[in-house]
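Engineer: Give me coordinates for this.
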Amino acid sequence: MKRHLCPLCAGTRLRPFLLRPQVPVHQNLVVNSQEAARAVTRGELELVICEDCGFIFNQAFDLSRLSYGENYDNTQSCSAYFDAYLDGLARDVVERQGVHDCTIVEVGCGKGDFLKKLVGHAGANNTGYGFDPSYVGPLSDLNGRLQFRARYYDQGCTDIAADVVVCRHVIEHVPEPLEILRSVRAALASSPKARVFFETPCVEWILRHRVIWDFFYEHCSLFTARSLGLAFRRAGFHVERVEHIFGGQYLWLEARVADVDESLPEVGETLRLATAYAADERRLRETWLMRLNELGQYGKLALWGAGAKGATFANLIDPHCTLIDCVVDLNPNKQGRYIPGTGHPIVSPIDLPVRGVSNAILMNPNYREENLKLLAKADIALNLMDWSE
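Structural biologist: Below you'll find the model as predicted:
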């Protein structure tokens, strides 16, 4: 059933700006066969923007269609570049923010990579609890200072007296973001000095750069810096700062427990960007289709990046696997598997010469230098193109 109220401010002025029927509901599902990849569950992507607060959400989102379990893999730390990014983020939290001698809860910890960095940081003396239904691995690590629970974080997890709550790339998957924020707030009821750190994609970056493959089903709640701040204030937090990180692609929010502030943000710029994007979506897809057809005249073509970006691009532009030979990814757990929805094979970079691939489109330009060095070291000749070229 479609939602006719904004989940953030209960506003009714919802303006549709993007409709994509029958898209795969999972972009990071690990699928073992092409047949299974093409038979994945699908849903409707109907993005609207609230004209009162600027929050963007999928009006047709159905949480019951999703299943985050052990076959879901959103691991990015196979990339040395991304792992170094996480190192820097953890160092900033521990050293600049003074998060040491603390009990840390990570909501949606994935495979636990970031939480392990926070707890294992030299001299930090932290303990950590990670919650994620897709977690696979030992339930205890670092001599018991690190504990994992393969479940969602909810009101039943508030027994842990946390000093710090970290949540990276989870809130965009939650159709009712205030619910998860209020659960965190309840968990901190006896910790009035506790802090929270959240990271999520920046929807204005997506709109401004016309990144058509950054809109997909799993991300049902999309934030600007202003709407993210509003969500936290409504849940009972004082927002200390929201900044753009990771080349502007992500938002990083720092907050503390405080009284609620109900004021609504200015939404003019976000509304303008969404309206402009809506007018360009069809043209952008047609332009990419023409470009792939042109590139195909010069040899086989691959995408580089089998995460949500690559999976979405493949489904949008080449749903029948006629233009793209394969999708490259450094995650060994994805290699030999298939892209949900289309069935494109996922391969290692070393497989490209054997497949005769001569061109590849890089889904995220942040990884360009890392991948060029990898190709040079392996003596692989490949024309690796940024999508912005």
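Engineer: which residues touch residue 367?
Structural biologist: 79, 81-82, 304-305 (CB atoms under 8 Å, 6 or more residues apart in numbering). For every residue, glycine as well, the C-beta is placed using N, CA and C.
Engineer: quick one: which of those residues is nearest residue 217?
Structural biologist: Nearest to residue 217, judged by CB to CB, of these is residue 305 at 17.8 Å.
Engineer: Among the contacts of residue 367, which are located in helices?
Structural biologist: 81-82 (DSSP state H).
Engineer: Quick one: neighbours of the residue lying closest to residue 136 once chain neighbours are set aside, just the number.
Structural biologist: The shortest distance from residue 136 to any non-neighbouring residue, by CB to CB, 6 or more residues apart in numbering, is to residue 70 (5.0 Å). Residues lying near residue 70 (other CB atoms under 10 Å) number 11.
Engineer: Could you measure from residue 70 over to residue 1?
Structural biologist: Distance, residue 70 to residue 1, using CB to CB, to the nearest Å: 30 Å.
Engineer: For this structure, which residues score under the pLDDT cut-off?
Structural biologist: The model of the chain has pLDDT under 70 over residues 260-262, 388-389.
Engineer: Pick out the residue nearest the middle of it.
Structural biologist: The centroid of the chain falls nearest to residue 169 when counting by CA atoms, centre = their mean (4.9 Å).
Engineer: Now the phi/psi pair for that one, please.
Structural biologist: phi 60, psi 50 (degrees, to the nearest 10).
Engineer: how close does it get to residue 218?
Structural biologist: Using CB to CB, residue 169 is found at 10 Å from residue 218.
Engineer: Touching, residue 208 and residue 273? I think so.
Structural biologist: Yes - here residue 208 lies in contact with residue 273, judged by CB atoms under 8 Å, at a distance of 5.9 Å.
Engineer: Those two - which one has more neighbours?
Structural biologist: A count of neighbours by other CB under 10 Å puts residue 273 above the other of residue 208 and residue 273, at 21 against 14.
Engineer: so the more buried one is in which element?
Structural biologist: helix 268-295 (DSSP states H and E).
Engineer: For the stretch 1-150 of the chain, which segments are assigned as strands?
Structural biologist: 14-24, 42-50, 56-58, 103-107, 127-131, 140-141, 146-149 (DSSP state E, counting those that start in this stretch).
Engineer: Nearest to residue 380, out of those?
Structural biologist: Of those, nearest to residue 380 by CB to CB is strand 14-24, at 29.8 Å.
Engineer: Report the buried residues of that closest one.
Structural biologist: Along strand 14-24, these residues count as buried under the neighbour rule (16 or more other CB atoms under 10 Å): 14, 17-18, 20, 23-24.
Engineer: again, but for stretch 305-317
Structural biologist: 305-317.
Engineer: and what of stretch 50-58?
Structural biologist: 50-58.
Engineer: mind listing the helices for this protein?
Structural biologist: Going by DSSP H, the chain shows helices at 34-38, 80-91, 113-120, 177-187, 203-209, 225-234, 268-295, 308-317, 352-355, 368-377.
Engineer: Can you convert those into CSV and add a column each for distance to residue 158?
Structural biologist: Below are the helices of the chain laid out as CSV (distance: least, CB to CB, whole Å):
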stretch, distance to residue 158
helix 34-38, 38
helix 80-91, 25
helix 113-120, 18
helix 177-187, 4
helix 203-209, 30
helix 225-234, 18
helix 268-295, 33
helix 308-317, 30
helix 352-355, 49
helix 368-377, 40
